[in-house]
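*Asks:* A structural model of the following input is requested.
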Amino acid sequence: MAKRERVVRMSVEQPLWRALTGYRLISTVYAVGLFASAYRAFDRPWVAVGYLSFLVVWTLATLPKVAGAASCTRRFLVADLTIALVGILLTPLADTDERITAGGPTLPSIWTAGAVLAFAIKGGWRWACFASSFVAAANIVQRGAPTRDTVHNVVLVWVASVAVGYVVEVARASEATLARALEIEAATRERERLARDIHDGVLQVLAMVQRRGTELGGEAAELGRMAGEQEVALRTLVSSGLVHTSRVSRDESLGALVDAYEVDEPGADEGETDLRSLLAPHAGSRVSFAEPGTPVPLPAPAAREVAAAVGAALDNVRKHAGDGARAWILVEDWGDEVVVTVRDDGPGIPAGRLDQAEGEGRMGVALSIRGRLRDLGGSAELVSVPGQGTEVELKVPRGRTQ
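*Replies:* Below you'll find the model as predicted:
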């Protein structure tokens, strides 16, 4: 049994969370080490001891919170940033004015950057700007004035966090693009596998039923004819794809994106419809359908009118060309207009017969075909040669259909 493709998604931002976890641990040790090396110079060392003890406990207890985006909630981010801001504002109470004026570190020191980076990884550069602004305000309040060292440190944290946030957003866009590409590839391979299975099984059975039914005659011949129609319809479905979604790749500043254009249902009144989806059901044992490999979008009302005109042309083939006549539908997309050609191998239409039919009140071609195309701003040309069949060419200009 053939194996089905699996799409495995790997988070490109997970390494950033692991790096943040390590940074928080290292920065906590660094903050404690800074205090331990100069605790004799503090006016109120017990304030620093109390805060740093709480910081160590908080950092160790919240390691699971910074293990991934799902566990890092907004409530945690706010609490984490609040602890960093409190540590900055408590620095004047614990340290001396001389050390603060000389540019001494705050109580949390570089641990504060970890709180800001958590905002950046979680929400992108906008969240990073938000958190950095509070850190900047707290540092200015702690120093009493925007000194050169303070501005330097604030700008450094600001730029670093915004850069990380932007990189995270780009990484997420790239991850989504890769996931979509893998899904498309897996769907394509699955479709090919199903097509092989159908070809090896169902289509061969239908072809055999058609052949044997024709040989036996009678009711079996009718069963064979129906099997032949289903075989053609199934071949058309397999060749045109098992899904109604057409995807087109394009390049953007955030990476290559894959747009998905969903085929509208025939009853939809808004947006565009792939004309191929409305004409494909006409395919059968005596009707061949040829289409472009890419979608043929038209406004939904215009697509339905064209499909109705094609249906009217095929009705005329069945009524006037005989049961043994074959028909061909060809769809061409020229960019500025869409051309649909319906041709048959019937006996053709004698000269003057259409004018005579219109005079007798038979308006099939005049209204069902030409009238519809005229309302769309297009045209319908009919060419018929006695003994050589009939060809109807429908032209629909883009930009004028409503």
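*Asks:* now the helices: where do they sit in this structure?
*Replies:* 14-38, 45-61, 74-94, 97-101, 111-123, 125-143, 148-200, 202-216, 219-240, 275-279, 300-320, 353-359, 372-375 (DSSP state H).
*Asks:* which of these has the highest mean neighbour count?
*Replies:* Burial of the helices of the chain is given as mean neighbour count (mean count of other C-beta atoms under 10 Å); helix 111-123 ranks first at a mean of 25. (Glycine included, C-beta is placed from N, CA and C.)
*Asks:* now that one against helix 45-61, angle please.
*Replies:* 30 degrees (axes from the mean of the first three to the mean of the last three C-alpha atoms, to 10 degrees).
*Asks:* how far is helix 111-123 from where the chain is centred?
*Replies:* Distance of helix 111-123 from the chain centroid (C-alpha atoms, centre = their mean, to the nearest Å) equals 29 Å.
*Asks:* quick one: mean pLDDT for it?
*Replies:* Taken as a whole, helix 111-123 has an average pLDDT of 89.
*Asks:* ditto for stretch 43-56
*Replies:* Rounded mean pLDDT across stretch 43-56 is 92.
*Asks:* and for stretch 204-222?
*Replies:* Mean per-residue pLDDT for stretch 204-222: 79.
*Asks:* ok, residues contacting it?
*Replies:* Defining contact as C-beta atoms under 8 Å, 6 or more residues apart in numbering, one finds that stretch 204-222 is touched by 223, 224, 225, 227, 228, 230, 231, 234.
*Asks:* using PDB, list the CA coordinates for that stretch.
*Replies:* Taking C-alpha atoms only, stretch 204-222 is exported to PDB below (Å, rounded to 0.1, in the frame of the first residue of the first chain):
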ATOM      1  CA  GLN A 204     -10.100   0.200 -16.700                       C
ATOM      2  CA  VAL A 205     -13.200  -1.400 -15.300                       C
ATOM      3  CA  LEU A 206     -15.400   1.300 -16.900                       C
ATOM      4  CA  ALA A 207     -13.600   1.000 -20.200                       C
ATOM      5  CA  MET A 208     -14.100  -2.800 -20.100                       C
ATOM      6  CA  VAL A 209     -17.900  -2.300 -19.300                       C
ATOM      7  CA  GLN A 210     -18.200   0.000 -22.200                       C
ATOM      8  CA  ARG A 211     -16.500  -2.300 -24.600                       C
ATOM      9  CA  ARG A 212     -18.400  -5.400 -23.500                       C
ATOM     10  CA  GLY A 213     -21.700  -3.600 -23.500                       C
ATOM     11  CA  THR A 214     -21.200  -2.500 -27.000                       C
ATOM     12  CA  GLU A 215     -20.400  -6.000 -28.100                       C
ATOM     13  CA  LEU A 216     -23.400  -7.500 -26.300                       C
ATOM     14  CA  GLY A 217     -25.900  -4.900 -27.600                       C
ATOM     15  CA  GLY A 218     -29.400  -4.300 -26.200                       C
ATOM     16  CA  GLU A 219     -29.700  -3.100 -22.700                       C
ATOM     17  CA  ALA A 220     -26.000  -3.900 -22.100                       C
ATOM     18  CA  ALA A 221     -25.100  -1.400 -24.900                       C
ATOM     19  CA  GLU A 222     -27.000   1.400 -22.900                       C
END
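*Asks:* all further residue positions should be reported with the first residue as 763.
*Replies:* Right, with 763 as the first residue, what we last looked at is stretch 966-984.
*Asks:* related to what we said a few turns ago, worst average pLDDT in the helices of the chain?
*Replies:* Sorting the helices of the chain by mean pLDDT places helix 1115-1121 lowest, at a mean of 54.
*Asks:* what distance do you get for residue 777 to residue 980?
*Replies:* Note on residue 777: its distance to residue 980, by C-beta to C-beta, to the nearest Å, is 72 Å.
*Asks:* equivalent analysis for residue 876, please.
*Replies:* According to C-beta to C-beta, residue 876 and residue 980 sit 84 Å apart.
*Asks:* now residue 797
*Replies:* 101 Å.
*Asks:* and if you look at residue 906?
*Replies:* Using C-beta to C-beta, residue 906 is found at 105 Å from residue 980.
*Asks:* any chance of the contacts of stretch 966-984 in JSON lines with distance to residue 1151 as columns?
*Replies:* As requested, the contacts of stretch 966-984 are exported to JSON lines (distance: C-beta to C-beta, whole Å):
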{"residue": "985", "distance to residue 1151": "29"}
{"residue": "986", "distance to residue 1151": "26"}
{"residue": "987", "distance to residue 1151": "22"}
{"residue": "989", "distance to residue 1151": "27"}
{"residue": "990", "distance to residue 1151": "21"}
{"residue": "992", "distance to residue 1151": "26"}
{"residue": "993", "distance to residue 1151": "24"}
{"residue": "996", "distance to residue 1151": "27"}
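*Asks:* so which of residue 906 and residue 980 has more stuff around it?
*Replies:* residue 906 (12 against 8; other C-beta atoms under 10 Å).
*Asks:* just give the nearest non-adjacent residue to residue 1083, would you?
*Replies:* Nearest residue to residue 1083 in three dimensions, chain neighbours excluded: residue 1108, at 2.6 Å (C-beta to C-beta, 6 or more residues apart in numbering).
*Asks:* which pLDDT value belongs to that neighbour?
*Replies:* The model's pLDDT for residue 1108 equals 83.
*Asks:* could I get the phi/psi values of it?
*Replies:* Per-residue torsions, residue 1108: phi -80, psi -170 (degrees, to the nearest 10).
*Asks:* do I have it right that it meets residue 1150?
*Replies:* No - counting by C-beta atoms under 8 Å, residue 1108 does not reach residue 1150; the two are 9.1 Å apart.
*Asks:* give me the more crowded residue out of the two.
*Replies:* A count of neighbours by other C-beta under 10 Å puts residue 1108 above the other of residue 1108 and residue 1150, at 21 against 12.
*Asks:* and the gap between that one and residue 787?
*Replies:* Shown here: residue 1108 relative to residue 787, a distance of 83 Å by C-beta to C-beta.
*Asks:* for residue 993, what are its contacts?
*Replies:* Taking C-beta under 8 Å, 6+ apart as the criterion, residue 993 is in contact with 965, 968, 969, 972, 1047.
*Asks:* and for residue 1058?
*Replies:* Applying C-beta under 8 Å, 6+ apart to residue 1058 gives the contacts 1036, 1037, 1038, 1093, 1095, 1100.
*Asks:* now stretch 789-802 - C-alpha only, CSV.
*Replies:* Taking C-alpha atoms only, stretch 789-802 is exported to CSV below (Å, rounded to 0.1, in the frame of the first residue of the first chain):
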residue,chain,number,x,y,z
SER,A,789,21.7,37.6,33.1
THR,A,790,20.3,36.7,36.6
VAL,A,791,23.7,35.3,37.6
TYR,A,792,25.4,38.4,36.2
ALA,A,793,23.1,40.7,38.2
VAL,A,794,23.8,38.8,41.4
GLY,A,795,27.5,38.8,40.7
LEU,A,796,27.6,42.6,40.1
PHE,A,797,25.9,43.2,43.5
ALA,A,798,28.2,40.7,45.3
SER,A,799,31.3,42.4,43.9
ALA,A,800,30.2,45.8,45.2
TYR,A,801,27.7,45.2,48.0
ARG,A,802,29.8,47.2,50.5
